[in-house]
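Undergrad: Give me coordinates for this.
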Amino acid sequence: MIRRTAGTTLLSHFTLRSSKPHNRLFSSIDSDIFSGSTIDSDFSFSSDESASIDQEKQPNIPVSAKDFAFIQQRKSNPPFESSCFHCSPESVLISKVVKASRTRDFDGKTEKILRRLRGKLNESVVIEVIEQVNHPELCIKFFTWAGRQIGYVHTGPAYETLISILGFDEQTRVSQNLLKDIENEDREVLAKLLNVLIRKCCHNGQFNLALEELSRLKNFNFRPSKVTYYALIQVLCISNQLETAFSVYKELSNSGFFLDKSTMGIFANSLCRVGKWAEALNLIEREDFQLDTILCTQMIKGLLEASLFEESMDFLHKMRANNCVPNFITYRTLLSGFLKKKQLGWCKRILKEMIQEGCNPNPNLFNSLLSAFCKEGDFDYAYKLISKMEYCGIKPGYVTYNIFIGSICGSNGSNESNGLMDLAEKAYDEMLEKGIILNKINVENFAKCLCDMQKFEKAFNIIKEMMKRGFIPDTSTYSKVISLFCEFNKIENAIKLFEEMKRVGSVPDVYTYTILIDSFCKLGFVSQARVWFEEMERNGCNPNVVTYTSIIHAHLKNKEINQANLVFERMIKMGCNPNLVTYTALIDGLCKAGEINKAWFLENARKLLDEMKLTHWPRNVKGFKNVIQGFSKEFLLSLNLVDDVARSDWPPLGPAYGIVINSFCKVGKLEIALELYEEIKEGLRADFESRKMYFCLIEALCLGFRVQKGFEIYCEMINKGHVAEMRIFVCLIKGLIRVNMFDEAMQLCYSVYSKGIIFCDDEKSFDGG
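TA: Alright, predicted model coming up:
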């Protein structure tokens, strides 16, 4: 029999000696609500009962070394020895005695030795012996023998250890033959073992397996204990198997048992979860329970999960009518349930009642409410919650203020209206007074919002103010704020913060330097950008492809071709491979260098394009996104590459080809332009750059008396989904006139006029030749 231990449940024993962690089914139940004992009273018996099991009185005869001689004849097993390292000497000795006995029943010597060691038996010794013996039949013999000894009673963990040795787990059931062996040894042990086995299945959430074990228990002509019925009903209710739960409940009632309060609460909660609150009330009345705070709270929890909000509030009133005072757990259950269902209006009402009754929420509950209202965009009420916290004697802290300010400033700028930023700044000022700091992410986001509101000085001072209160900014934080100032062309602030960063010992990284270099290059301050470029190399910070490309692009914009080439060569020498954007910038710069009439520039651009095809032809859009990652949006816009990133499945070399094709058209090298067009035409899309290239080709063909080829290019353009511009029709008409095809020119004019062709007006200027 297992003794009832005060303050301990049998289910809690199951987790102490488990060979592997279990999925604790009941952990999902609120421990404050669903509390109750699951001790099986049948496992408890008096010392008189245990004395009747073994009436034989043995004298206290000392044990000699001679009695253990037969153990020494057997070779010890090294793995066994190592596994016993932390075991007690008594368990090691007993396990050796048990393993040495290979007969069906213990022989005289074994009985003699074990009998003299029975005074050492306790829960831990029995468990250690079973684990060391690790042999089902021998464990059964020892377990049965130990259960008959005066002064010792098997406990839940002992039964569970035996179950694990017998081979029970989530995939395997205990062998029927082993159960038969236990029955032959001691039916009483078998009955308790099967009850423990059922409860173990229930505890693990395996209600189907628990029902199978229940059938086996009945096949051995045993009855489930009261606690076994409770465990079955609980697991079935939690698993939403209410019909089966009622069947088990009927068996329990027919056996003369009544529900305990814990099982009653879980049963009522499950019924309310499916909207059967009336049946729950009938069951409570049938079991002669009185509605109290705990039961009502459990039912409210179920009703909220069923989205029965009015009914849950009715139970709150029913509580008061029955002189049951709602406690903190009741209100927490209500607030949590309404929050999960996003019923914030009900939350306001509950919170008001809660505070009026002096049952104040704790900081965690306040922060949960604050977060929910912020997510819904109700920042005015969220800010009032901070005041309510102080009214309830709770000091708003780090988490509270970071939730509030982070919610306003952390939505990619979507919440940065004047009114909301006023609230954020007000909360920020309160933080400073209380010595509270923002976290790293919120420092960056708050600074961005302030910059968006043109409050640059306040944004500049954030890091200093946070550092006074213990915040330690890292390189990433400095870099993000510096990039903000550069984005808004507040270069002076960016430089001051950069110098402050170095002064406090934070080492700039390649990202920090590249931000400054790129910003200064875009503003035309190439010399200062080169100063930082040289500084980062002296400090051991190697420039990356973004850094080099920014410098190259800046030199090309200033038509400083030689300097751009030197930087490019330096880039190659340092082992930094150019990418798609680097090549496109070089091609663009060569073609726009003001020397377009010189073949040298175009020849170099053509060579770069060929190299670009060989080395940087991304296989998919993801590859292209990786290639251009790190460049500023303005730079990519200047190369017309941003839209290409968003499109689907073709390598975005169109802009580079377009630049070169247009340049060859303008200098009259039409064959080369057409050759490049044939390479790229399959991947062209209906965008502005492609239309521009089509126009240049058609214009050049018409001027070169190749109108038929111009019409072929026009047809290909239409098939690609482009809409013809007026200037293209003008070019075609003039081309027809140039080759004396007047009738065709008139026919085209008539078609344009009569068929209502839609013209684009993307470019106002036109030089049709």
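
Undergrad: same question for stretch 548-559, mean pLDDT?
TA: Model confidence over stretch 548-559, given as mean pLDDT, is 88.

Undergrad: which outside residues touch it?
TA: With CB atoms under 8 Å, 6 or more residues apart in numbering as the test, stretch 548-559 has contacts from 514, 517-518, 521-522, 524, 526, 529-530, 533, 561, 563-564, 567-568, 570-571, 576, 578-579, 581-582, 585-586, 588-590, 592-594, 631, 635. From N, CA and C alone the C-beta is placed, and that goes for glycine too.

Undergrad: Show me which positions of that stretch end up buried.
TA: Buried residues in stretch 548-559, defined by neighbour count with 16 or more other CB atoms under 10 Å: Y548, T549, S550, I551, I552, H553, A554, H555, L556, K557.

Undergrad: Show me how far that stretch is from its chain's centre.
TA: Distance of stretch 548-559 from the chain centroid (CA atoms, centre = their mean, to the nearest Å) equals 42 Å.

Undergrad: Hmm, F267 is touching L259, no?
TA: Yes: applying CB atoms under 8 Å, one finds F267 in contact with L259, separated by 6.9 Å.

Undergrad: between the two, what contacts are shared?
TA: Residues touching both F267 and L259 by CB under 8 Å, 6+ apart: I233, Y249.

Undergrad: Where do the helices of the stretch 101-250 of the chain begin and end?
TA: Applying DSSP state H, counting those that start in this stretch to the stretch 101-250 of the chain gives helices spanning 108-117, 123-133, 136-147, 156-165, 176-185, 187-203, 207-219, 226-238, 242-254.

Undergrad: okay if I get the buried residues of stretch 548-559 as JSON lines plus secondary structure and distance to D743?
TA: JSON lines is the format used below for those (DSSP: H, G, I helix; E, B strand; the rest coil; distance: CB to CB, whole Å):
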{"residue": "Y548", "secondary structure": "helix", "distance to D743": "58"}
{"residue": "T549", "secondary structure": "helix", "distance to D743": "54"}
{"residue": "S550", "secondary structure": "helix", "distance to D743": "56"}
{"residue": "I551", "secondary structure": "helix", "distance to D743": "58"}
{"residue": "I552", "secondary structure": "helix", "distance to D743": "53"}
{"residue": "H553", "secondary structure": "helix", "distance to D743": "51"}
{"residue": "A554", "secondary structure": "helix", "distance to D743": "54"}
{"residue": "H555", "secondary structure": "helix", "distance to D743": "54"}
{"residue": "L556", "secondary structure": "helix", "distance to D743": "49"}
{"residue": "K557", "secondary structure": "helix", "distance to D743": "49"}
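
Undergrad: Out of these, which is nearest to E213?
TA: Of all those, E213 sits closest to T549, with 70.5 Å by CB to CB.

Undergrad: Give me the distance between the closest one and G589.
TA: Counting by CB to CB, to the nearest Å, the gap from T549 to G589 is 11 Å.

Undergrad: Can you give me the buried ones in stretch 510-523?
TA: Buried residues in stretch 510-523, defined by neighbour count with 16+ other CB under 10 Å: 510-522.

Undergrad: Tell me how far that stretch lies from the chain's centre.
TA: Averaging C-alpha positions (CA atoms, centre = their mean) puts stretch 510-523 34 Å from its chain's average.

Undergrad: same question, stretch 568-575
TA: For stretch 568-575, the distance to the chain centre is 41 Å (CA atoms, centre = their mean).

Undergrad: Return the set of buried residues in it.
TA: For stretch 568-575, by 16+ other CB under 10 Å, it's F568, R570, M571.

Undergrad: buried set for stretch 490-501?
TA: Within stretch 490-501, the residues scored as buried using 16+ other CB under 10 Å are K490, I491, N493, A494, I495, L497, F498, E500, M501.

Undergrad: Those in helices, which ones?
TA: Per DSSP state H, helices hold the following members of the buried residues of stretch 490-501: I491, N493, A494, I495, L497, F498, E500, M501.

Undergrad: what about the last one, distance to L748?
TA: Same thing as M501. 65 Å.

Undergrad: Now do the contacts for E499.
TA: Counted by CB under 8 Å, 6+ apart, E499 has zero contacts.

Undergrad: no no, L194
TA: L179, E213, R216, L217, F220, F222 are the contacts of L194 under CB under 8 Å, 6+ apart.

Undergrad: ok, it to E185 distance?
TA: 14 Å.

Undergrad: What is the neighbour count of the residue nearest to P361 when sequence neighbours are not counted?
TA: Nearest residue to P361, sequence neighbours excluded (CB to CB, 6 or more residues apart in numbering): M354, at 6.5 Å. Counted with other CB atoms under 10 Å, the neighbours of M354 add up to 21.

Undergrad: Can you tell me what sits against stretch 296-307?
TA: 30, 33-34, 265-266, 268-275, 277, 280, 309, 311-312, 315-316, 318-319, 322, 324, 326-327, 329-330, 333-334, 337-338, 340-341.

Undergrad: which regions of this structure lie under the pLDDT threshold?
TA: 1-85, 102-105, 107, 167-175, 177, 411-417, 593-656, 667, 682-689, 755-769 (pLDDT under 70).

Undergrad: just the strands in it please.
TA: Assigned by DSSP state E, the chain shows no strands.

Undergrad: Adding distance to L736, write the buried residues of stretch 510-523 out as a markdown table.
TA: As requested, those are exported to a markdown table (distance: CB to CB, whole Å):
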| residue | distance to L736 |
| --- | --- |
| V510 | 58 |
| Y511 | 57 |
| T512 | 60 |
| Y513 | 58 |
| T514 | 53 |
| I515 | 54 |
| L516 | 56 |
| I517 | 53 |
| D518 | 49 |
| S519 | 51 |
| F520 | 52 |
| C521 | 48 |
| K522 | 46 |
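
Undergrad: How many neighbouring residues does E285 have?
TA: The burial count for E285: 11, using other CB under 10 Å.

Undergrad: do C87 as well
TA: C87 has 18 neighbours, counted by other CB under 10 Å.

Undergrad: residues near the residue lying closest to it once chain neighbours are set aside, how many?
TA: The shortest distance from C87 to any non-neighbouring residue, by CB to CB, 6+ apart, is to E128 (4.7 Å). Neighbour count for E128, taken as other CB under 10 Å: 21.

Undergrad: just the one 10 residues further on next, same as before
TA: By the criterion of other CB under 10 Å, L138 has 20 neighbours.

Undergrad: try M389
TA: Close neighbours of M389, defined as other CB under 10 Å, add up to 21.

Undergrad: Tell me who's in contact with it.
TA: Contacts of M389 (CB under 8 Å, 6+ apart): P363, F366, K395, P396, T400.
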